[in-house]
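Student: Build me a model:
(one chain, ligands or ions: 1)
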Amino acid sequence: MPTDAAQLTLAQKASLVTGSSFWSTQPIPDAGVASVTMTDGPHGVRRQQQGTDHLGLHHAEPATCFPPAVAVGSSWSAEVAARVGAALAVESRALGVGVLLGPGINIKRSPLGGRNFEYYSEDPLLSGELASAYVRALQAGGVGASLKHFAANDQETDRMTISSDVDERTLREVHLSAFERVVTDAAPATVMCSYNRINGVYASENHWLLTEVLREEWGYEGAVVSDWGAVRDRVRSLEAGLDLAMPGPQGLQAQAIVDAVESGRLDVAVVDRAAERVLGLQRWQPDAASAFDVDAHHELARELAAECAVLLRNDGEVLPLAGGSRILVTGEFAIDPRYQGGGSSHVNATRVDAPFEGIEAFGAARGCEVRFERGFDSADTATADALRDAAVAAAAEADVAIVFAGNPESEESEGFDRTRLELAAEQVLLIREVAAAAPRTVVVLANGGVVSLEGWHDEVDAILEGFLLGQGGGHALAELLFGVVSPSGRLAETIPLRLEDTPSHLTFPGEQGHVRYAEGVMVGYRHYTTVGAPVRYPFGHGLGYTRFATSDVVVTATGPDAIAVEVTVANVGELAGKHVVQLYLHTDAGPVRRPARVLAAFTKVALDPGTSTRVRLELDRRVLAYWDVELHRFVVATGDYTVQLCADAVTVLDQATIALEGDGIVAGLTLQSTVGEWIAHPVAGPEIVNALMALSAAAGSQAQAADIDLSAGIPDIVGLMPMVQLVHLSGGGLDGDHLLALAAGPALPHPSA
Ligand code: BGC
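Tutor: Model prediction:
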């Protein structure tokens, strides 16, 4: 086996960096190079043996459909993410796959994003932590990951061509942040570049993104692979840092590389470098195929799904369902569940649990009478009235009605965005009429992206948001409804009151080939909490059947740019359960507008009733920092930082403020900086104030152009003036060159620090 690309001919190297078939790289048997097989991902193995496609159309081998990312995000559990990754490694190896194309970690910028079900959250810390756990576990199991879609690929509309126009701070703090976390924490085997353009440049040809940021700043050493068909100009993409163009066959791409080198347009070292990185994928060869345990993995899919659903509302503790009740189950998703999204991630599930079967079985064991009425048929709306009438009549005979509602797959898939938040009209009508007829009503939702609860929320007693739970979701929902397991999911995305309230509303999905990320860093809850806008349910919200108390919060500065927090969590209810400790950070430190609060750390703890535990969480530097557009680096500003222990992004339970020294950098001062900014400088500031005092005193006797009165501090009219003006006005009292010398601060560390 060759150890480096130098042992290969130019033609061999060119073929190596361009896919051989739809799912595999080029083998070079003479040189001992084997083909590497990749396949989708992310929540199940979509292994195609004959017909191939990247749309989820052709047959794939049966595999377990684990909870998709939308559900894992709602688990807020790195352990859940890791167990999915570990199980996928076993199935990938059994199906002959070396690299699994996942996880997807784009940020849910709009609730309408067509692939939101494949992404974890609207928050980069939550997405990054879960994805890192998944990648580490998958790769520990011998299968390479592919972190996708790099980057700012947050919509399906025009996804192959749209330019995501995003300012640098927003990219760094929000849209690149989760990628950076996973790259630096978990070293994924590959990073998949997206189809779209970023600020006008295709991701596949974006040298800044693929080389300067990913490699030079973050130190990435794996291979960059294109999304399927994302390469337009192979030579340009190679130069930008794209190592492997997928899929094959190679057509003219490999030849284009050879021609470019031979004509002197392309440095062969660029080809060598990419070939070397593709050779690095050789280590991801599945061992001799062995079958995976279908039953055990189905059980695992059930167990994990039960940790993902979010109990949004539970008035009068209608849940868990009481033994001996007469239960009406209605809604087509109870027997024909929605458990995954459409497109390239679509798994041919080994089996699928229908919620109704589980409810029947658990109900029978508890002396319940359970019946089913379809209620609606998404494929045939002409039957709506008759189906609804039958369900409403049955609801009147029941003690409790459970309505299974949600989005049909035809409305949620890769390839297009959603156009509305509301459930279909016939479902809303069904919920309302059933709720009016039944003594108690529970709604169970199945949807890949959040749906509006308006128009019916107040009429029902409980809402269990299942999102898409994978093939074990039906059984898991039944367990949750009957209290076999206490719900412990939390929203990983805000449920807004209105689509119009969402921060990206005015610009999503863009126009004339551009989508402007005008909301900046104020994505999701960052926006709602900053402007104080009401939402239906905030990020982080979720109920359970037991109660937890948190106490004795201790916040300590563990360095100039690090904070540690300790808190005691106790289960003070009657049942075993899991609690998510959520810490947020508020600060006004630094020269940029910060969101009112950002998620700073979290962990999930399992506790039996009557027990407690002490939890310690570290807030890493990146959470405290802002991206400084003048310094082109993350900076932890000197100032006060308030750590908030929250029940969700809106509800603060406890808080403590500490001062941090930060990076001690007051940099970027020029004579165009304001007088106020200069005065904040520890060395130059006092000197300027003295000079201003002198000018003010002089102005007292002879009218001065500046008319400076400092008796009540520095007035804004002066503080907001560019320093250059004050230098001129001072008539020699202030010297520009001298000030610039004073402002030359300490040497700056590397931008990625
Ligand atoms: C999707 C990727 C997927 C690839 C291969 C593309 O269309 O965007 O997520 O991994 O196809 O199926």
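
Student: ok, so what distance separates the residue in the stretch 151-300 of the chain positioned nearest to the ligand from Ser204?
Tutor: The ligand sits closest to Trp228 of the stretch 151-300 of the chain, with a gap of 3.8 Å, by CB to the nearest ligand atom. All C-beta spots, glycine's among them, are computed from the backbone N, C-alpha and C. Between Trp228 and Ser204 the computed distance is 11 Å (CB to CB, to the nearest Å).

Student: now Asp293
Tutor: Taken as CB to CB, the span from Asp293 to Ser204 is 39 Å.

Student: Could you check which of the two has the larger neighbour count?
Tutor: Ser204 (29 against 14; other CB atoms under 10 Å).

Student: Contacts only, for the more buried one.
Tutor: 193, 195, 226-227, 230-232, 237, 240, 242 (CB atoms under 8 Å, 6 or more residues apart in numbering).

Student: Show me those residues that map onto helices.
Tutor: 237, 240 (DSSP state H).

Student: Kindly give a single PyMOL line that selects the buried subset of the contacts of Ser204.
Tutor: Buried residues among the contacts of Ser204 (16 or more other CB atoms under 10 Å), as a PyMOL selection:
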select buried, resi 193+195+226+227+230+231+237+240+242
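
Student: and the contacts of Ser204, which of them are in strands?
Tutor: 193, 226 (DSSP state E).

Student: so where is this protein shaky, pLDDT-wise?
Tutor: Residues of the chain meeting the criterion pLDDT under 70: 1-3, 53-57, 289, 666-668, 699-712, 745-753.

Student: tell me the domain ranges of it?
Tutor: 11-57+66-284, 301-493, 548-660, 675-743 (automatic domain parsing).

Student: The last one spans what distance, first to last residue?
Tutor: If I follow you right, that is domain 675-743. Taking CA to CA, to the nearest Å, domain 675-743 runs 13 Å from one end to the other.

Student: ranges for the helices of the stretch 651-753 of the chain?
Tutor: Along the stretch 651-753 of the chain, the segments classed as helices by DSSP state H, counting those that start in this stretch run 675-679, 684-701, 716-719, 723-729, 736-743.

Student: To the ligand, which of those lies closest?
Tutor: Comparing the helices of the stretch 651-753 of the chain by CB to the nearest ligand atom, helix 675-679 comes nearest, at 44.6 Å.

Student: Could you export the contacts of Ser204 as CSV, including distance to Val724?
Tutor: Formatted as CSV, these follow (distance: CB to CB, whole Å):
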residue, distance to Val724
Cys193, 43
Tyr195, 46
Ser226, 48
Asp227, 48
Ala230, 47
Val231, 48
Arg232, 46
Ser237, 45
Ala240, 40
Leu242, 45
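
Student: hey, which of the helices of the stretch 651-753 of the chain is tucked in deepest?
Tutor: Neighbour counts (mean count of other CB atoms under 10 Å) averaged over each of the helices of the stretch 651-753 of the chain peak at helix 675-679, with a mean of 21.

Student: Please report how far the nearest residue to Asp233 once chain neighbours are set aside lies from Glu239.
Tutor: Spatial nearest neighbour of Asp233, chain neighbours left out: Glu205 (6.5 Å); criterion: CB to CB, 6 or more residues apart in numbering. Distance, Glu205 to Glu239, using CB to CB: 8 Å.

Student: who has more neighbours, these two?
Tutor: Glu205 (23 against 19).

Student: My read is that the more buried one contacts Ala240, right?
Tutor: Yes: counting by CB atoms under 8 Å, Glu205 touches Ala240, with 4.8 Å between them.
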